[in-house]
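*Asks:* the following block contains a protein sequence and its predicted model.
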Amino acid sequence: MDFYKKASDALEKVLTKKTSVKSFAHSKRLLALILETLKYQDVIKQLIDITDLMNKEKKAIKFAKPQGNPIYLLMVLLHDLLFSRRQAIEAGQGPIKDAILRHKTRLRGELTKIRVKAGVSSNLELARKAESGAGKYSSHNSGVSLLNITEMIPRYVRINTNRIKFDDAIKKISDNFKLESYTGSDMPIPSNKYKVIEHIPGLIAVNTSISQQLTSDKMYTNGEIILQDLASCMPPIVLLDELHKGNNKGKRKADNDNHVGTVIDGTAAPGNKTTLLSALLGNEGKVLAFEHVPKRFETLEKMVKTAGCANVTCNLGDFTKCDPASHPDVTHILLDPSCTGSGIVNRLDYLTEQGALPENDDKDAHDERLNSLAAFQEMIIGHAMKCKCVFSFEISLRYTQVPNVRRIVYSTCSIHDDENEMVVMNTLTQHPEFELASRETCLPGWPTRGHPEPFNNDVKLADSVIRCKPGTDLTNGFFVACFEKRQNIDNQGPSKKRKNKKKNASSKAEN
C-alpha cells in the first residue's frame, strides 16, 4: 500500500499545481500510474460520487492514513481496479483494499452504465470523450491533451514521384477529394483541406476522416500516393541528403564526392522507406532491399511493384547474414531494425518522455527485452559498417583500404534512450572510424532533437540526431541518427602495415 500512498501524494501535488508530472520521471511505474489516473480522472471522480465511497468507508480510509486528501488515494486505487490491464489492486490485504473490493461489483456496474450513456464500448473511448483537463499535465507541455493527440495527428500522404509529378498529384487530389490548400497551424486540419509539409518533399497532410476515401481511390491503388507517417519519411531523406535538397525528384549528382552508388535498405518490409529511397534517386541507380521473413517479403515485393520502383531489387534474406565484401559499390545504408515500437501513438507509451512502463509490467522482463533489442541494433549497425571494398590498386602501386560506405542512417519508432541515443553512443565508441553527421545534413529545420544525457551532456551530439514526439510534433514517436565515415582516417593497406612490422622487428632486434 506504500506505493499507492506515494502515488496519491504525487497525484495531489500535480492536480493542485504544486509540482509537474516531470518531477516524478525518476520512477517509471509511479509516473505511469499518475498519467493513467489523470487520463481517467473525471470518470473515477464520478464513480466515487455515485458510490459515496468517501462517506461509506470513512473508517477504512482513516485507518490507511493517507498523506493528504484521501480522495487521491481512492483515485489511484480505483484506477488499478477498473482501468489497469490486470484490473487489480497490487497490494496486500488491508482495510482500505478490502473496503474498495466490497464495492467492486457496483463500481464495475456503474462504469458500464457510464459507457453505455456515453455511447462508447471501451474505457479508452470513454476517456477520450470525457472533458478532461489532462492536457495541462502533458509531459511534453505542448498544450495538447493526452486524450486527443491521436485525433490531432493528421493522415500523411506521400506523393510517389515514380508514378506522378507532385503538381499533377496535388491537382488530382484537390479534384478527387474536393480539398483546398491549408496554411494554418491549428489542428486538426479541416476536413476539406490539405497541408503541404515543409520538412519533407512530396508529403502532404489531410484530416483522418478521409482515410477510407484515400485507400479506395485509384491514386492509392495504382501507387501514385502512399500513406506514410511523417516520421517514417525522415530516414531516407536524411540518408540521401546530398540529393534531395531543393529538388522534389532527387536527381543524382555527377560530382564524385557526392556520388551515390548502391543503396541498401537492410530492413525493408513493408516498403514505405524503400519506395521513398527509389523516388529520391529519381528511379535510377540501384537499391537493394533485404527482408528475411517470407510473408513480409511478399508485402515488400508487392509494394515495390505498385510504386513502380524500377531501381529496386528485393532480396529474401537476412542483411546481417550477407557478406559485406559482396557489395563493394554500396555507399549508403538504411537501417530500421526491430524495436519496442514504444513511439507508436496507439500504444500510449509516448505519454511520458522517458517511456514509462505500464504499472503492471514486469520490469526485469522489460529491461531484458530492451537490452536484447539494443544489442541486436548495435550488431546490425556494426555489420553495415563492414560493407567496404577490401583493396583498390592505386598508380603508386600501394594497396589502400577504401571504405565505400559513407553514410548509414539508423532509425527506430521507440522513445527509449536505450534503443536510441545509447545505441548510437555505444556504436561510436566501438567504431571510431565513423562519426555523427552534423545537424546541417540531418533535417536542420526540424526542431526536436536528441537527449543530451546519454551523450554525456554533449549538446552538439544530441543536436545531430532527430526525435519526434507525438505531443509536440503530431507524428509517431521516432528517432533518427546518421553515421558518416570520417574523412581523416588513415586507412593503411597491408603493404604499408607489413613494412611497419618489419621496421618494428628490426628496431627490436637492434635493441
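*Replies:* On my side now, so go ahead. Source: prediction; values computed, not measured.
*Asks:* okay, the longest helix belonging to the chain in CSV with CA atoms only?
*Replies:* For the chain, the longest helix by residue count, based on DSSP state H, is helix 363-384. Extracted in CSV, the C-alpha atoms of helix 363-384 (Å, rounded to 0.1, in the frame of the first residue of the first chain):
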residue,chain,number,x,y,z
LYS,A,363,10.4,-4.5,-15.0
ASP,A,364,13.0,-7.3,-15.2
ALA,A,365,11.4,-8.7,-18.4
HIS,A,366,11.1,-5.3,-19.9
ASP,A,367,14.7,-4.4,-19.2
GLU,A,368,15.9,-7.8,-20.5
ARG,A,369,14.0,-7.2,-23.8
LEU,A,370,15.4,-3.6,-24.1
ASN,A,371,18.9,-4.9,-23.6
SER,A,372,18.4,-7.7,-26.1
LEU,A,373,17.0,-5.3,-28.7
ALA,A,374,19.8,-2.8,-28.1
ALA,A,375,22.4,-5.5,-28.6
PHE,A,376,20.8,-6.5,-31.9
GLN,A,377,20.5,-2.9,-33.0
GLU,A,378,24.2,-2.3,-32.3
MET,A,379,25.1,-5.5,-34.1
ILE,A,380,23.3,-4.7,-37.3
ILE,A,381,24.8,-1.2,-37.4
GLY,A,382,28.2,-2.7,-36.9
HIS,A,383,27.6,-5.2,-39.8
ALA,A,384,26.6,-2.3,-42.1
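*Asks:* for it, packing partners?
*Replies:* strand 330-335, strand 407-412, helix 421-430 (3 or more Cβ pairs under 8 Å, 6 or more residues apart in numbering; DSSP states H and E). Placement of C-beta: from N, CA and C, glycine included.
*Asks:* domains of this protein?
*Replies:* Domain assignment of the chain by automatic domain parsing yields the ranges 2-137, 149-227, 231-495.
*Asks:* residue contacts, Ile50?
*Replies:* Going by Cβ atoms under 8 Å, 6 or more residues apart in numbering, Ile50 touches Glu110.
*Asks:* pLDDT of the helix or strand that contains it, averaged?
*Replies:* Counting by DSSP states H and E, the element that carries Ile50 is helix 41-51. Mean per-residue pLDDT for helix 41-51: 91.
*Asks:* tell me the buried residues in it?
*Replies:* Gln41, Asp42, Val43, Ile44, Leu47, Ile48, Thr51 (16 or more other Cβ atoms under 10 Å).
*Asks:* neighbours around Thr429, how many?
*Replies:* For Thr429, the tally of surrounding residues (other Cβ atoms under 10 Å) stands at 8.
*Asks:* begin at 588, not 1, for the rest of this chat.
*Replies:* Got it, the first residue is 588 from now on, which makes the last one we talked about Thr1016.
*Asks:* ok, now how distant is it from Val1010?
*Replies:* From Thr1016 across to Val1010, the span is 11 Å (Cβ to Cβ, to the nearest Å).
*Asks:* same question, Cys926
*Replies:* On the measure of Cβ to Cβ, Cys926 and Val1010 end up 10 Å apart.
*Asks:* which one of these two is surrounded by more residues?
*Replies:* Val1010 (27 against 23).
*Asks:* circling back: tell me, what's touching Cys926 and Val1010 both at once?
*Replies:* In contact with both Cys926 and Val1010: Gln964, using Cβ under 8 Å, 6+ apart.
*Asks:* quick one, helices of the stretch 738-887 of the chain?
*Replies:* 753-764, 798-803, 805-808, 817-826, 828-831, 859-867, 881-893 (DSSP state H, counting those that start in this stretch).
*Asks:* same thing with the stretch 938-1087 of the chain?
*Replies:* So, for the stretch 938-1087 of the chain - with DSSP H, counting those that start in this stretch - the helices run 950-971, 1008-1017, 1046-1051, 1057-1060, 1081-1097.
*Asks:* for the second one, packing partners?
*Replies:* Using 3+ Cβ pairs under 8 Å, 6+ apart as the contact criterion, the elements in contact with helix 1008-1017 are helix 950-971, strand 994-999, strand 1021-1023, strand 1065-1072.
*Asks:* hang on, the earlier thing: and the helices and strands packed on helix 950-971, which is most packed in?
*Replies:* strand 994-999 (a mean of 26; mean count of other Cβ atoms under 10 Å).
*Asks:* partner strands of it, with direction?
*Replies:* In its sheet, strand 994-999 lies beside strand 917-922 (parallel), strand 1065-1072 (antiparallel), with partners assigned from DSSP bridges.
*Asks:* so how far is the first one from its chain's centroid?
*Replies:* Between the centre of strand 917-922 and the centre of its chain there are 20 Å (Cα atoms, centre = their mean, to the nearest Å).
*Asks:* residues in contact with it?
*Replies:* Contacts for strand 917-922 (Cβ under 8 Å, 6+ apart): 822-823, 826-827, 846-854, 860, 864, 875, 967-968, 971, 974, 991-998.
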